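Colleague: Got a predicted structure plus its sequence, pasted below:
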Number of protein chains: 2
Amino acid sequence: MARRLAEQGIAVDIYTRCHGQGGPQVAEIGPRTRLIHVQAGPCAPVAKGDLPGLLPDFLGGVLRYASAGDGRPHRHSPYDVVHSHYWLSGWVGSRAKQIWGAPHVASFHTLGKVKNSVLPPGDPPEPHLRLAGEQHVVSRADRILAPTPAEADHLVRLYGADPGRIRVIPPGVDRELFAPRPKDQARARLHLSTARLLLFVGRLQPFKGPDVAIRAVAEAVAMSPEVMRDVMLAVVGGPTGQDHDHDEVARLMELAASIGVSDRVVFFPPQPHDRLADLYSAAEAVLVPSRSESFGLVALEAEACATPVIAAAAGGLRYVVVDGETGFLVEGHDPRDYAARILRILADPGLATRLSAGAQRHATRFSWDATADDVRSVYRELVGRDTRSR
Amino acid sequence: MARRLAEQGIAVDIYTRCHGQGGPQVAEIGPRTRLIHVQAGPCAPVAKGDLPGLLPDFLGGVLRYASAGDGRPHRHSPYDVVHSHYWLSGWVGSRAKQIWGAPHVASFHTLGKVKNSVLPPGDPPEPHLRLAGEQHVVSRADRILAPTPAEADHLVRLYGADPGRIRVIPPGVDRELFAPRPKDQARARLHLSTARLLLFVGRLQPFKGPDVAIRAVAEAVAMSPEVMRDVMLAVVGGPTGQDHDHDEVARLMELAASIGVSDRVVFFPPQPHDRLADLYSAAEAVLVPSRSESFGLVALEAEACATPVIAAAAGGLRYVVVDGETGFLVEGHDPRDYAARILRILADPGLATRLSAGAQRHATRFSWDATADDVRSVYRELVGRDTRSR
C-alpha cells in the first residue's frame, strides 16, 4: 500500500522494530518510501508476549528519529497522518497522535475479543493487556479501518467504536504474483506432478483449523475412496512462535497417523511467496477452516490463482468467498461438511471449472490500487486537504 | 523372529502391555505364536516416563497368565527360556527368571549410558532409574544379545558385563518388504516424480540428527547449486512421545526457513512400511547422521532397497554401512562433511550405481532366518537340549 500511495505522491515512513534480519537502519524501499528500524529490546526476534514491554522504547525511538529527521524542534507534527496496524502499533500511534497532534488512523489485523469468542478448546485466551490496549486505540483513533463489514460490526458491538469513524476498506492482493499458473508446470516445480492436491496454508494453530483440514481428508477418503485415490493434502505453514502452539505440527502428525491418513498428508515449512503461488495454482481446492478471520488473505490469494476455496463461514471469509461461486462456505467446523465439498469439486470437473473462473473473477475486485485510493480519501478527510508530498 | 522360531517348532508367547489399539487379549498371530496383552495401567498409550511405575503390575499379569494358561500350580517354569528386549522388559524378565527358575536372555535395543555419552546439547540425560535397571539386568541375565560388536564392547566397558555371556547376533531385515522397486514407479506412487530425493527417516529428536540432514542440504546447495537443482529432502518421522522433543518438528521447520531451504525440505508423518519401501527406493541416498545407534535398522532397510546410505560412523552403523562400498561413513556431525558425500553421489552416476549394488549385496547378509538360527542356538546352550515344542 505504501508503494501505491508513493505513486500518488504521498511520502511514507514505515517504522518497525529491529529484529535482526540485517539491512540498514533506514532503507529507501522505493521512491518516497522509507523503512526505519527502531531498536527496542534486542535486535532479534522476541516472544510475542514480550512485545508489549518494548512499546515505550519503540515509541521513544520513533519520536527521536522523527525529530532528528527534520533537524529542528517541531512546531507541528512531522507527519500529516499517523497510521497504525495491529494493536501494538496502535498503542504507539495513539501516543504519537497525542504528542504530535496528528490525526491517527488505526487498523487491527485481528481483534482479541473476536479471537476469544471463538477460542478452540485448550487455547489460552488473548490477554487482558491486549484487550485493554485495543480498547484504548479504538476510543481515541480518528478513523478505524475495517477490512470487512463483519469487523466493523465487531468494533461497534465488542469495543463500542463510534460507527461514524469506521471506514470499511478491504486489502488488495498482488495479482502479478498471485495469478493462475499452468497446473502441470506448477506441479512439476513442486515435484508433485502426479498428485491431485488439496491445500492448507497458514500458521499451525488450532485457531486456523489445520486439524479440520486433515480430518476432512480422512472423511472424504471414507466417503469416496475412488474419488480420493490420488489426492494428497499439503499443509503449508510453521509454528506461531507462541509457546503453547509450538508442538502443533507434532500434534497434527500424530492426528494424521491416528486417523489413518499419514500417507495422504505432507507438511511444508512456511514457503516463499513465489512457491505459494505454485502451490495455490497446483491445488484443486484450498481449505480455510479458520475459527475466524478478520479478512482471509489466503482465500483471496487462492482465488487470484483461480483455485476454488472451501472456507468456514466466519468473519471476513464471508466476503472473500462467495458460496457456490468461488468455492464453498461451510457453517461450523464439522470435517464431514468440508469432506462433502471436497468430493463435489473433485468429482465434478464442470463445477471445478466454474468455481475456478468465479474465484479468479471475484479476486479482481480486490486490488491494492483501489485500497490505496480509499485509504487516501480517508487521510484527506482528516487533513482537510491533499496530504503533502516531499 | 517369533515367526521364524515357530517355523522351527519353537512355541513363543509374546507379552506386551495393553495400550488400547484394540484386538483380543490373547491373539494367535501365527502357528505356535501368541500375542498376550497384559493390563498394567490404563489400556491406552502412556508417557514413557510413566512406564517404570507400571512394571510390577505388568509382572503380576505375566505371572497370572502363565500359571492360568497351564491350569495347575507350577513345579517348574511354564517356559524354557525367558527372552526380554529393552530394559523395561528386562526388569520383568529378570524377576520372572527368579520366580520361575528359567534362564533369561536379554537384549537392549539401546543403552542409556551410551545415549548419555553422546547427548546433544539441551537433551536431558537418561534417568538414573534406567541406568540402574539396565545394570540389574546385565548382572543377572544368563545371556545378553548384542546386535553388533560395538554394543558388546559398551556392555563390557560401561556395565561390566561378563564377556563370556554376551553373544553378538545382528537383527535381520524383511527383504520381501524392503527390496528395490523401480525408482520411477516408487516416485510416482509418492507423487514426487520429478524430484531427486534425499531421505531422512527416524523419530524427530536431536539424537537422530535430523538437523544435520537439513543443514547438509543447505551446505550442498551452497557448494554446488547446479547439482542440487532438483533435489529435495524428505524428512519422515514423528515426535518421540517425550515432552522435551515434542516441538522438534517445529524447530526443524524454523531451521529450514532460517537457512533458506524451506523450499527444499518436506515433512512426512511416520509412514506405513509399504510407503517406506517406496521412499527408500525413490531416494538417491538416505542420511543417517545419528549420534549413536545400537544397530541402524533404517540404514539396513535402505540398503535392502539398493539405496546408498550416508551415515555417522557411530555405534552399529559402522557395521551396517561399509564406507565406500554401500555408501559413506562420516566421522562426526559437521553438515559440510555430509554435504560433500551427497554431492559425490548425485554428481557421479557411476559411483551411485556401484554403491547401490554394494548396498543391496551387503543387506543380504542380514536375514531373520540367520538371526533365528543364532538365537535358537543360544537358547539351546541354556536349556541343554532343544527347546520343547507344543
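Modeller: Right, received. Where do you want to start? This structure is a prediction, so every number in the text was calculated from the model and none was measured.

Colleague: Only C-alpha atoms from now on, for both contacts and neighbour counts.
Modeller: Noted.

Colleague: Wait, a helix at A:Val156?
Modeller: Yes: when the secondary structure is assigned by DSSP: H, G, I helix; E, B strand; the rest coil, A:Val156 falls within a helix.

Colleague: Could you tell me how many residues sit around it?
Modeller: By other Cα atoms under 10 Å in any protein chain shown, 14 other residues sit near A:Val156.

Colleague: do the same with A:Arg344
Modeller: For A:Arg344, the count of nearby residues is 13 (other Cα under 10 Å).

Colleague: Now it: closest residue in space, sequence neighbours ignored.
Modeller: In this structure, A:Arg344 finds its nearest non-sequential neighbour in A:Leu351, 7.9 Å apart by Cα to Cα, 6 or more residues apart in numbering or on different chains.

Colleague: Around the residue of chain A found nearest chain B, how many other residues sit close by?
Modeller: For chain A, the nearest residue to chain B under the criterion Cα to the nearest Cα is A:Asp247, separated by 4.2 Å. Other residues near A:Asp247 come to 23 when the count uses other Cα under 10 Å.

Colleague: which secondary structure elements does the worst-scoring helix or strand of chain A on mean pLDDT contact?
Modeller: Here the helix or strand of chain A ranked lowest by mean pLDDT, DSSP states H and E is helix A:55-70, holding a mean of 87. Helix A:55-70 sits against strand A:33-38, helix A:87-100, with contacts defined as 3 or more Cα pairs under 8 Å, 6 or more residues apart in numbering or on different chains; DSSP states H and E.

Colleague: 7 Å instead, please
Modeller: Helices and strands touching helix A:55-70, as assessed by 3 or more Cα pairs under 7 Å, 6 or more residues apart in numbering or on different chains; DSSP states H and E, comprise strand A:33-38.

Colleague: Rounded mean pLDDT for the strand it packs on, please.
Modeller: Here strand A:33-38 scores 94 as its mean pLDDT.

Colleague: Provide the strand pairings for it, with the direction of each partner.
Modeller: Within its sheet, and counting by DSSP bridges, strand A:33-38 is paired with strand A:12-17 (parallel), strand A:26-30 (antiparallel).

Colleague: Pull the residues that contact the least confident helix or strand of chain A.
Modeller: Judged by Cα atoms under 7 Å, 6 or more residues apart in numbering or on different chains, the contacts made with helix A:55-70 from elsewhere in the structure are A:Val38, A:Gln39, A:Ala40, A:Pro73, A:Pro78, A:Val92.

Colleague: low-confidence ranges in the stretch 251-390 of chain A?
Modeller: Of all residues in the stretch 251-390 of chain A, those with pLDDT under 70 make up the ranges A:385-390.

Colleague: can you do 90?
Modeller: A:292, A:294, A:384-390 (pLDDT under 90).

Colleague: which bits of it sit near chain B?
Modeller: The stretch 251-390 of chain A has residues A:Met253, A:Ser262, A:Asp263, A:Val266, A:Phe267, A:Phe268, A:Pro269, A:Pro270, A:Gln271 near chain B, with proximity defined as Cα under 7 Å from any Cα of the partner chain.

Colleague: isn't A:Ala152 right up against A:Ile144?
Modeller: No: checked against Cα atoms under 7 Å, the pair A:Ala152 and A:Ile144 is beyond contact range at 8.7 Å.

Colleague: what do those two both touch?
Modeller: Residues touching both A:Ala152 and A:Ile144 by Cα under 7 Å, 6+ apart: A:Ile166.

Colleague: what about these two, which has more around it?
Modeller: Between A:Ala152 and A:Ile144, A:Ile144 has the larger neighbour count (other Cα under 10 Å), namely 29 against 20.

Colleague: which stretches of chain A form strands?
Modeller: Counting by DSSP state E, chain A has these strands, from start to end: A:12-17, A:26-30, A:33-38, A:82-85, A:104-107, A:143-146, A:166-168, A:196-201, A:231-236, A:265-268, A:283-288, A:309-312, A:327-330.

Colleague: then the second one to CSV, C-alphas only?
Modeller: Looking back up the chat, that one is strand A:26-30. Output of strand A:26-30 as CSV, limited to C-alpha atoms (Å, rounded to 0.1, in the frame of the first residue of the first chain):
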residue,chain,number,x,y,z
VAL,A,26,16.9,3.2,7.4
ALA,A,27,16.2,1.7,4.0
GLU,A,28,14.8,3.5,1.0
ILE,A,29,12.5,0.8,-0.2
GLY,A,30,11.0,2.8,-3.1
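
Colleague: Please compute how far it lies from its chain's middle.
Modeller: Its chain's C-alpha centre lies 23 Å from the corresponding centre of strand A:26-30 when counted by Cα atoms, centre = their mean, to the nearest Å.

Colleague: what do you get for the last one?
Modeller: Taking the mean C-alpha point of strand A:327-330 and that of its whole chain, the gap between them comes to 19 Å (Cα atoms, centre = their mean).

Colleague: neighbouring contacts of that strand?
Modeller: Residues external to strand A:327-330 that are found in contact with it (Cα under 7 Å, 6+ apart): A:Pro308, A:Val309, A:Ile310, A:Ala311, A:Ala312, A:Ala313, A:Val321, A:Val322, A:Asp323, A:Asp337, A:Tyr338, A:Leu355.

Colleague: quick one on the thing from earlier: and the contacts of helix A:55-70, which are buried?
Modeller: Neighbour-count burial (16 or more other Cα atoms under 10 Å in any protein chain shown) is assigned, among the contacts of helix A:55-70, to A:Val38, A:Gln39, A:Ala40, A:Pro78, A:Val92.
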